[in-house]
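In: pasted the sequence and its predicted model underneath.
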Amino acid sequence: MSWPAKAPVVGVPISMTSYDEVLEALDRRPRDRGTVVDVCNVHSVMSARRDPDLFRAVSASDIATSDGVPLVWALRWTARPDQERVYGPELMRRALVDEAGRGWKHYLYGSSQETLDALVAEIRRFAPNAKIVGAYSPPFRPLTDEEQDVALQAIRDSDADIVWVGLGMPKQELWMESVRDRLPGVALVGVGAAFDFLAGTKAQAPSWMQRAGLEWLFRLLQEPRRLWKRYVWNNPAFVFLLGSQVVRTKLRRQTA
């Protein structure tokens, strides 16, 4: 099984891939172990630079998509000029709609029970043929070993092909890496806020803001008290590091 190649974005490996490639890779996933897909943005890569455990989890993932537009730009400028965005909510929507007729069975893991209920109802609307075989809202604390065993057994018993994980970053990345060997044949896809966006419990940024790489600003305006520290540090540091990487890339190309 070959996975899409990765290239470093400010030192964190991100997959050079597309929606179609990810969906095809999930269809060809190995059956003897779990498959892990991380959807990554600026917050993901900057957090991975500071947290060795998170860095190892993202690096070990089979696919780490360019969910955030600044990561798309980074790959275009340094590694793959035609790189496209692979946005978690849209990836999830396409898999559920299943235009290719793969017939995947889907399991929803994470968020609140209220959001899960709203998400299932919304999926019934836009993807009426989607097979939802289970949903679980874990407590907002670490699971005990017994609770973990029960949760994983429920996933295995459901015969799910894909588990959509909405625990938020970095919790979902660390959880998926820790359980992948206990869920052979299952694809674990960490999509974070996609549960809220698809359920309609949180608003998505307008398309023009997403294209301009300003989704962070929209989210900051929605939740300033929770998010301001993240963006005040991460965004300027990312711009500086990416600028340095782009300069180094251009110099290497000129001297090659």
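Out: Right, received. Where do you want to start?
In: let me see the ranges of the strands in this protein.
Out: Applying DSSP state E to the chain gives strands spanning 6-9, 12-15, 35-40, 63-66, 105-110, 131-136, 162-166, 187-190.
In: for the third one, buried residues please.
Out: Of the residues in strand 35-40, those buried by neighbour count under the rule 16 or more other CB atoms under 10 Å are 35-40. C-beta coordinates here come from the backbone N, C-alpha and C atoms, glycine included.
In: return the member of these nearest to Leu188.
Out: Nearest to Leu188 among the buried residues of strand 35-40, counting by CB to CB, is Val36 at 5.2 Å.
In: what's the distance between Leu23 and Ile162?
Out: 10 Å (CB to CB, to the nearest Å).
In: now do the contacts for Leu91.
Out: Contact partners of Leu91, counting by CB atoms under 8 Å, 6 or more residues apart in numbering, are 19, 22-23, 39, 65, 189, 191.
In: ugh, wrong one, Arg49
Out: 10-12, 55.
In: run the last query once more with 10 Å
Out: 10-12, 55, 234, 237-238, 241 (CB atoms under 10 Å, 6 or more residues apart in numbering).
In: out of these, who's nearest Trp104?
Out: Scanning these for proximity to Trp104, where the rule is CB to CB, the winner is Val12, at 28.6 Å.
In: bridging residues for that closest one?
Out: Val9 (DSSP bridges).
In: so it touches His43, yeah?
Out: No: taking contacts as CB atoms under 10 Å, Val12 lies outside contact range of His43: 11.4 Å.
In: what's the closest non-adjacent residue to Gly110?
Out: The shortest distance from Gly110 to any non-neighbouring residue, by CB to CB, 6 or more residues apart in numbering, is to Gly166 (3.4 Å).
In: Cys40 now?
Out: Ala64 (5.1 Å).
In: that neighbour reaches Ala48, doesn't it?
Out: Yes: counting by CB under 10 Å, Ala64 sits close enough to Ala48 to count as a contact (9.4 Å).
In: list the residues that contact both of the two?
Out: 9, 12-13, 38, 40, 57-58, 173.
In: report the contact partners of Gly204.
Out: Residue 204: Gln, not Gly. 87, 89, 193-194, 196-198, 210, 215, 218-219.
In: on that earlier part again, how far away is the residue nearest to Cys40 from Ala74?
Out: 13 Å.
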